[in-house]
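In: only geometry, no sequence info:
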Ligand SMILES: Cc1cc2nc3c(=O)[nH]c(=O)nc-3n(C[C@H](O)[C@H](O)[C@H](O)COP(=O)(O)OP(=O)(O)OC[C@H]3O[C@@H](n4cnc5c(N)ncnc54)[C@H](O)[C@@H]3O)c2cc1C
Ligand SMILES: Nc1ncnc2c1ncn2[C@@H]1O[C@H](COP(=O)(O)O)[C@@H](O)[C@H]1O
């Protein structure tokens, strides 16, 4: 069984700062991490690999330094890693990103047919949840998003059964391999690599492909050229003009009563709402 | 959708939409009406309200798209779509659409788009909407901006879709050049619910799905409804009480629940509380949790980080309780109490309890 897991290296956005004067992002020194959502998918892929004795290839598209994310994934237990890196990929939106990644997956399939592709639910920087469905569509993979649990995989019958989060409940779906899965967060506990994994990660060679190596003939479908969307402006949210009115207790009174009075004064219908919902 | 990459600033000359004659024929604003198990997700009506504004600005029609098995709530969904502002409804009704499946819905939606050619297509950023939107946009090879917080029409009739970027610390405005439709998803509660106009009616276009069950690979074996739909009301609650790291200890979260109980309110919290396991993920409020628009939001021990702020800004009234007078939450809260949540919360609970029971007795 060959599983490809798409991971993205993202800035640890908790630590991003905006320059107060120029309003640009200060990226220098911001540490990078594997997109947290991708780890749940990686874990699930590793579990299936352990069960079926297959191979997990981690794949990322990014700058040369994105190999750090791959190295990290190897140390958690992935078997092989491919870095898709080319200046033609710069400025890719989701359509162009899913094109490049699906081309690389098709290329991998030539030597070692891919049974399953895993993506994260979404990234914390792009945050679109669209690259996974994009890859599935381009490769004609059956699509299983927001999976809470993989119930069973039958390699012989090439079938998979999963529980998928839907509105108000869980859909139990069965479909055929090859398929694309995105796991929901907190659906498993991401393992720490073993010592052996870490040693192996340090030795494993990361395959680096440019567009041509990934079998991409038409670079007009990549990067900025292949992206139907453009970002026209980036800006900081408007601060609100007024600050909060601070509530203070009136003389001899307590702050809680003052607060109740202030809230009712600001919203004439609040009291009615509270009565309605408390059944009073 | 693009992720903002100011480093790779869009090249000049690629900034203006140059539509081919083919795409110039694309007209009208469409809203996907999400019917799941006979129920319309309220986000669809929020988008209908927004779609109405866009259609009026463009001087075109607003249409709803309703897919499902006939009966199954489709008729009610269509009638309600008109009342929330649709001029027209495109509908595909087929037993294969009884439950959502990516294959059948993608086929239906892409065929409608290719046949009737809308210039804008809006979907709710729900699990269903996101699953569908990505497939449809890729099939159509068009642009899709996910999780928008604002939509506007430019002078050249193109759609400017604004969304948070870089973990929510910044906003960016994205355009789809040269391809139609321009697609966007918007999360529940980001847009206000429009007024309903009872009795308002409109046109209808029926379209066949043209698929046989044998050709659909994915099968639905079962649907397990959520036992206690605990979280279901958070996004739509009129009053929400939430706690943050400032509560100190998991046991103290009870103070939030107590106040919520007295108010008949829903409760929630900031992301760190989910990460610490104090509250369920479905209770997280903010950019990566729920967006809320209550009449009253009470935040105790929450600093007001931008990712939290974007999820609560739609509230009519925000009351913040924080020991730090300089906490960022006071920059966007309407009312503030500088004080210890551990004493203020119980006092508030008591004051509200007194008030509500006294007024009740007086009636
Ligand atoms: C990509 C990304 C997405 C995110 N999404 C979300 C999201 O959806 N929702 C979200 O909430 N966060 C989100 N965050 C996290 C966010 O940036 C903040 O870290 C988080 O909101 C802080 O939570 P907090 O206010 O509870 O804790 P803190 O920032 O630690 O603030 C605690 C506050 O409590 C006050 N305090 C301390 N003691 C008391 C006391 N006794 N009484 C009263 N006040 C007291 C302190 O003054 C302080 O202001 C996200 C971050 C990233 C990077
Ligand atoms: N540059 C990339 N390289 C590898 N995988 C990616 C990349 N961008 C997105 N993905 C995958 O697609 C998922 C969804 O990303 P997004 O659409 O940006 O939210 C991620 O969780 C990854 O699994």
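Out: That came through fine. What you see is a predicted model, and the numbers here were worked out from it, not measured in a lab. Ligands and ions are numbered 1, 2, ... in the order given.
In: okay, CA-based contacts and neighbour counts for the rest of this
Out: Fine.
In: please parse chain A into its domains.
Out: Following automatic domain parsing, one finds the domains of chain A at A:2-221, A:240-280.
In: ok, chain B next?
Out: B:23-215, B:234-362.
In: state the mean pLDDT of the shortest one.
Out: This means domain B:234-362. Averaged across domain B:234-362, pLDDT comes to 93.
In: can you get me a residue count around residue A:263?
Out: As a burial measure, residue A:263 scores 20 neighbours (other CA atoms under 10 Å in any protein chain shown).
In: that one sits in which helix or strand?
Out: Residue A:263 is part of helix A:255-266, with elements assigned from DSSP states H and E.
In: what helices and strands are in contact with the next helix-or-strand element following that helix?
Out: Counting by DSSP H and E, the next helix or strand C-terminal to helix A:255-266 is helix A:270-278. Using 3 or more CA pairs under 8 Å, 6 or more residues apart in numbering or on different chains; DSSP states H and E, the elements in contact with helix A:270-278 are helix A:255-266, helix B:253-263.
In: let's have these in TSV, adding distance to ligand 1.
Out: Below are the helices and strands packed on helix A:270-278 laid out as TSV (distance: least, CA to the nearest ligand atom, whole Å):
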stretch	distance to ligand 1
helix A:255-266	14
helix B:253-263	12
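In: out of those helices, nearest to residue B:326?
Out: Nearest of the helices and strands packed on helix A:270-278 to residue B:326, taken as CA to CA: helix A:255-266 at 19.5 Å.
In: run through who's touching that closest one.
Out: Residues from elsewhere that reach helix A:255-266 (CA atoms under 8 Å, 6 or more residues apart in numbering or on different chains): A:247, A:248, A:249, A:250, A:270, A:271, B:344, B:347, B:348, B:351, B:352.
In: most surrounded residue in those?
Out: Counting by other CA under 10 Å, top hit in the contacts of helix A:255-266: residue B:348 with 23 neighbours.
In: quick revisit: dump the domains of chain B to a markdown table, plus distance to residue A:63.
Out: Formatted as a markdown table, these follow (distance: least, CA to CA, whole Å):
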| stretch | distance to residue A:63 |
| --- | --- |
| domain B:23-215 | 18 |
| domain B:234-362 | 26 |
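In: okay, residue 46: pLDDT?
Out: In the absence of a named chain, this looks at chain A. At residue A:46, pLDDT is 97.
In: please refer instead to chain B.
Out: Here, the pLDDT recorded for residue B:46 equals 97.
In: follow-up on the earlier one: most packed of the helices and strands packed on helix A:270-278?
Out: Of all these, helix B:253-263 has the most neighbours on average by mean count of other CA atoms under 10 Å in any protein chain shown, namely a mean of 21.
In: quick one: that helix to chain centroid distance?
Out: How far helix B:253-263 lies from its chain's middle: 26 Å, per CA atoms, centre = their mean, to the nearest Å.
In: who's in contact with that helix?
Out: A:274, A:277-278, B:239-243, B:247, B:266-267, B:278, B:300, B:342, B:345-346, B:348-349, B:352-353.
In: filter those down to the buried ones.
Out: A:274, B:239-243, B:247, B:266-267, B:300, B:342, B:345-346, B:348-349, B:352 (16 or more other CA atoms under 10 Å in any protein chain shown).
In: now, which of the residues you listed lie close to ligand 1?
Out: Within the set of the buried ones among the contacts of helix B:253-263, contact with ligand 1 (CA under 6 Å from any ligand atom) is found for B:247, B:300, B:342.
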